[in-house]
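Enquirer: What shape does this take:
(chains A and B)
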Protein chains: 2
Amino acid sequence: MNLDLWTKLPAVAGVFGLLVAMYFYFRVKALPEGNETMRRIAGYIREGSMAFLAREYKVLAVYAAVVFVALAVVISPIAGGWFVAGAFLSLLAGFIGMKAATFANVRTAQAAAGGSKPDALVTALDGGAVMGLCVASLALIGLFLVYFLHVGTPTLGENLHAFAVGASSIALFARIGGGIYTKAADVGADIAGKVIENIPEDDPRNPGVIADNVGDNVGDVAGMGADIYESLVAAVVATMAIGLTASDERIQTLVTGGGDARAIAVALPLILSALGLGVSVVGIFAARAMKNSAPSTVLRAAMVLPPLVMVALTAAILPIFGVTQAVTVALAAGAIGGGAIGLITEYYTGSYAPVKAVAEAAKTGAGTNVIRGMAVGMESVGVCLLLVAGVAYVANAAMGELGLYGIALAAVGMLAGTAIVMTVDAYGPVSDNAGGIAEMAGLPPAVREITDELDAVGNTTAAIGKGFAIGSATLTVVALFSAYSLEVNHARERAGMLPMDLALDNPQILIGLLVGAVLPFVVGASTMLAVGKAAGAIVMEIKRQFDTIPGLREGTAEPQPKAIVDIATTAALTEMILPGLVAVLGPVLVGVTLGPAALAGTLAGALAVGASLSLFMANAGGAWDNAKKYIEKGGIPGHPKRSDTHKAAVVGDTVGDPFKDTSGPGVAILIKVMSVVALLIAPLVATFG
Amino acid sequence: MNLDLWTKLPAVAGVFGLLVAMYFYFRVKALPEGNETMRRIAGYIREGSMAFLAREYKVLAVYAAVVFVALAVVISPIAGGWFVAGAFLSLLAGFIGMKAATFANVRTAQAAAGGSKPDALVTALDGGAVMGLCVASLALIGLFLVYFLHVGTPTLGENLHAFAVGASSIALFARIGGGIYTKAADVGADIAGKVIENIPEDDPRNPGVIADNVGDNVGDVAGMGADIYESLVAAVVATMAIGLTASDERIQTLVTGGGDARAIAVALPLILSALGLGVSVVGIFAARAMKNSAPSTVLRAAMVLPPLVMVALTAAILPIFGVTQAVTVALAAGAIGGGAIGLITEYYTGSYAPVKAVAEAAKTGAGTNVIRGMAVGMESVGVCLLLVAGVAYVANAAMGELGLYGIALAAVGMLAGTAIVMTVDAYGPVSDNAGGIAEMAGLPPAVREITDELDAVGNTTAAIGKGFAIGSATLTVVALFSAYSLEVNHARERAGMLPMDLALDNPQILIGLLVGAVLPFVVGASTMLAVGKAAGAIVMEIKRQFDTIPGLREGTAEPQPKAIVDIATTAALTEMILPGLVAVLGPVLVGVTLGPAALAGTLAGALAVGASLSLFMANAGGAWDNAKKYIEKGGIPGHPKRSDTHKAAVVGDTVGDPFKDTSGPGVAILIKVMSVVALLIAPLVATFG
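Expert: Purely as a prediction, here's the structure:
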């Protein structure tokens, strides 16, 4: 076989993916936009979303410039450049994808207005596919370039790490900023609309509704996109990093024949991810072709099947490289585990026993509803993390001496369907927006029925997507962890020092463990507070508008949505800075003051706490959300919408909003950011302490 | 110096402490009990409390018998015997202490009825002191006996560990069982009384009120007592275990001269704890003598000062043994750190900015109140755990090669005031009960005013006590951790095996880390659910009584409190079993199936997650509780009791009840139980994997 030729596959797949994305982009844009009111509302949403991105990018540009200079001085200008590239490609994917999503929302509403559910489904899906394909393609192209330009040189590792830090820190800021925005707007508009003014959700008189819809885009499209882009980058880089640094003896176990094991080990995750992109493209077209089936079947299959197809493909191509089929086992563990976590997440947050119990608990009040939701979230942590541990166990056992490489490959396997998972993920907010536009534009109830069905499926797929995201994050961090310690020890060896004492009974490690446990809680606290503060400011502004704009209450005057959009934007961009800096500077501070062993302990503490806390928050939030919806759909006879039981469930949902869409995802990214930052600075702090 | 003579000090201090406890017991019993109604109500409470203990002891007897047989077969009948002794002494302390507390409650009410706040304060304090002194004295006597009978033999270690497992598992069951009882009764009586029947708290018509008062005793007196007893035992055993197993070379750094370093290292924690008991006794009498000062000043000083006095005493006696003054530094770090954590806890849960912010957040509804309380809890985790990490850092740095011994000593230093901390802790529920009895017996408002003031101080001291408990738990687990790995490697050495690979980049460790992260969430989920279920059953029974007993609503008929007491007792005893078994069997299962390294990872994961989660739950719960009380006291003008704002705050309080008094403390003990169980089974699983 010709490895060199195979290593070009990621570039080919990436360019191909971008071309397909372009096709969808222009297809969606060419669809009819609906009447003037719809166009105006969609225009507000698009404008608000793009304004948020523009302002966010300015903040991030400052951040990127500072880090670039730091990296240029401390490591090398080239590493600084790759950091910028990793960040830039993330922003580019976010920009294109969100533009497409804000075209697709109104066109999905218009398709629904035309009475065709399949057309509406395909429009929303195409809108999501632009984001899905850009995310996977740009990640692959970027990683390919780093690989292609530096392979065989000693700086490949540091440049990969720098690229990953760029991807991760943008993901963190975008996820936290977007999460604060979307939940502040959601909670603010809800409280003001339902409680203060007593008008239904998405009522056009409520000036917060536009911001709520903007929030879906900046949080669930752009934020989620940056998150998934980062997941793929981090999983691939972790695998490559272990391939680069594992001992010769261990690396040799990868191949059964006499191939250049290290070259293969480094290239393999890239090649496999390129395959995954190809499979995803096929999957997207297959899902579109099945547009006449039930949306829930189509989309669930679209998320769970591609990783399995890829496992089969992998088994077929491994012999070409003379690579052990243990790789297939590791990959399969990840692919199957990812799907299983997704389905478990769906069980805990969908219309099953746990959510029904949360809804029932609302009968005795908000307190018992909140308690029950937390218990569900906690229980789900148990099942999900044990499953991740099981995946790691299988991958490790299969790969023997290269166990950690196997664990990293399991993460790659879990993320094999990145493009299609992200497509379906972005489909959700597009449908949600379509429903909002239909409501605000006063389209007939039949239209809203179609968009509601699409939206409901989106909630399920979002749960599955979160399962993939947190599961792969945990595995990736486990893998990054070992890459970190390999890096540190290489650097110490070069400096003529003994390897660091990574043993768990080293007091430095234990002290680090406690410090690491702190960070997820700090990020959790600051993001929860940020949502609360911003939501409060939005409520006040909505109140002000109702109090001062004559005719607004009666529906004869227009609200001023831009004022709300501004408040949410400013709040999100201001409040994302502290948690972002904690994540990026925390590891640096620990490494410099307490040394590399304490930093290892910190990563371990953050991993244990971060993985469990983020799962807890995401799933408790999902359970409350759906418990409320379950009651609204009449799930508890005699306790309809607006009953005391429903009001109690709304309290749980309010608590769950920042849990599931701001703090939970923020904490999950935190641990990845910390790990890649640690990996990047490993050679610098290796000789401390 | 004569070390042998000094090692008798714990026995002397223990017997002396018991004599003082007896003095308080009979002094309290001889005080006047008040009128017939008071006596009847107090009788119900005492009867309910004792009935709970009796039934709990039956369940625990079965558990103890099973474990005794297992230990007798697998380790030795003697170890099995010490396990039983460790458990029995815990139960004995609980029995005597609770009896005294249920004498003291009505006599405190009577003293308040006599119009004397100082007399009421001293009565409540004396009632608490019986528990405080029994806990510390019996722990010391038990530990002394194990030491005295086995010192110099190779089985000292295993017998100490067995004793600690006995103490820990009783603590776990008592804390979880008591916690479920107290919160189920509290939440159930509150919901039924306030929401369904609309009658004030402690109203004699509410049949749940007696159970609520029983709950204070079984949860906050007996449960807390078992917890603190276990803390002291675990900290001392951890220190002794490191003293027993650390390498000769390291142990030698303990002494500056040529003393028998190992003998001193093993005996030192016992001797220091004996000193601590002596200081505590003096402190208790000093506090009683200051009865005319403000109760809050007296009690706060009583908790924070004794550890500091003990540090000074330690500095004075160390030269006698030729021990390095680094021991004083480690001890001081613990003593000062414990006080600081207590004060930080008070800041986050008392009437300061965080609690006021939680109260303010209730203005916009229950959702924002809950969110804000969680943010406060999360933030407090950051500050508290960093402080614990700081204590560990100082203790470790001070003791150099014996750093982990230093960390264990810091825990001993934090617990030096065990007897007085527990006295003040038990004082709280006694005052609370006194208030309840005053209300139920229809005593004049002036009486209730006195008991309310005493009770309010109790809430503050409870917060400080929790700070000591969780802080020392974390340090103890860190210390136990290293004792565990020393044990494992000793056993492997004997079996001719290499030491286990404890490095954090060993996949087994990382997999264990994830498994360990799961356990605190499982215990959290099951205890939250248990409270919810039992509270629901209590609400139903109260409703039934109001619906079926003619005249109850009008106050002309008596309620049937025993029915409620029965429900709470049965629920608590049934529901404590699953989390208890998870804690005890979890480590055994991991050790046997995945081996000792994975078990080490599991302990680390459980430590990181358990320490942070329990702090989060305890402090968020405290903040909600006091935010509600702040509003009730008129803290937010225009938002009085029974306003919407107050109702929103009640939701937070309801969520916080199981958080702070069931799940939070349960999780904190969980990590200690897991660690001592791991330590005990270390030689058995050492050769696995």
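Enquirer: could you say what helices and strands the strand or helix carrying A:T423 packs with?
Expert: Counting by DSSP states H and E, the element that carries A:T423 is helix A:418-440. Contacts defined by 3 or more Cβ pairs under 8 Å, 6 or more residues apart in numbering or on different chains; DSSP states H and E place helix A:418-440 against helix A:36-74, helix A:77-113, helix A:117-150, helix A:208-215, helix A:224-245, helix A:261-289, helix A:295-321, helix A:445-494. Heads up, the C-betas are built off the backbone N, CA and C, glycines and all.
Enquirer: Could you dump these into JSON lines with mean pLDDT and distance to chain B added?
Expert: Putting the helices and strands packed on helix A:418-440 into JSON lines (pLDDT from 0 to 100; distance: least, Cβ to the nearest Cβ, whole Å) gives the following:
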{"stretch": "helix A:36-74", "mean pLDDT": "94", "distance to chain B": "23"}
{"stretch": "helix A:77-113", "mean pLDDT": "96", "distance to chain B": "24"}
{"stretch": "helix A:117-150", "mean pLDDT": "96", "distance to chain B": "24"}
{"stretch": "helix A:208-215", "mean pLDDT": "91", "distance to chain B": "14"}
{"stretch": "helix A:224-245", "mean pLDDT": "94", "distance to chain B": "10"}
{"stretch": "helix A:261-289", "mean pLDDT": "94", "distance to chain B": "17"}
{"stretch": "helix A:295-321", "mean pLDDT": "87", "distance to chain B": "21"}
{"stretch": "helix A:445-494", "mean pLDDT": "86", "distance to chain B": "4"}
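Enquirer: Output these as JSON lines; include the columns mean neighbour count.
Expert: Below are the helices and strands packed on helix A:418-440 laid out as JSON lines (neighbours: other Cβ atoms under 10 Å in any protein chain shown):
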{"stretch": "helix A:36-74", "mean neighbour count": "18"}
{"stretch": "helix A:77-113", "mean neighbour count": "25"}
{"stretch": "helix A:117-150", "mean neighbour count": "26"}
{"stretch": "helix A:208-215", "mean neighbour count": "30"}
{"stretch": "helix A:224-245", "mean neighbour count": "29"}
{"stretch": "helix A:261-289", "mean neighbour count": "23"}
{"stretch": "helix A:295-321", "mean neighbour count": "20"}
{"stretch": "helix A:445-494", "mean neighbour count": "24"}
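Enquirer: Could you say which one of those comes nearest to A:G532?
Expert: Taking Cβ to Cβ, helix A:208-215 is the member of those nearest to A:G532, at 15.3 Å.
Enquirer: what comes into contact with the closest one?
Expert: For helix A:208-215, contacts defined as Cβ atoms under 8 Å, 6 or more residues apart in numbering or on different chains pick out A:41, A:44-45, A:48-49, A:52, A:105, A:178, A:181-186, A:188-189, A:192-193, A:201-203, A:432-433, A:436-437, A:440, A:538, A:542, A:561, A:564-565, A:567-568.
Enquirer: what do you get for stretch A:93-105?
Expert: Taking Cβ under 8 Å, 6+ apart as the rule, stretch A:93-105 contacts A:21, A:24-25, A:28-29, A:42, A:45-46, A:49-50, A:53, A:123-124, A:126-128, A:130-132, A:134-135, A:138-139, A:174, A:213, A:217-218, A:221-222, A:225-226, A:229, A:426, A:429-430, A:433-434, A:436-437.
Enquirer: Please apply the same query to stretch A:244-258.
Expert: A:156-157, A:243, A:261-262, A:264-266, A:321-324, A:327, A:399-402, A:404-405, A:483, A:486-487, A:490.
Enquirer: give me phi/psi at A:A503?
Expert: phi -70, psi 140 (degrees, to the nearest 10).
Enquirer: who does it bridge with?
Expert: With DSSP bridges as the criterion, the beta-bridge partners of A:A503 are B:A503.
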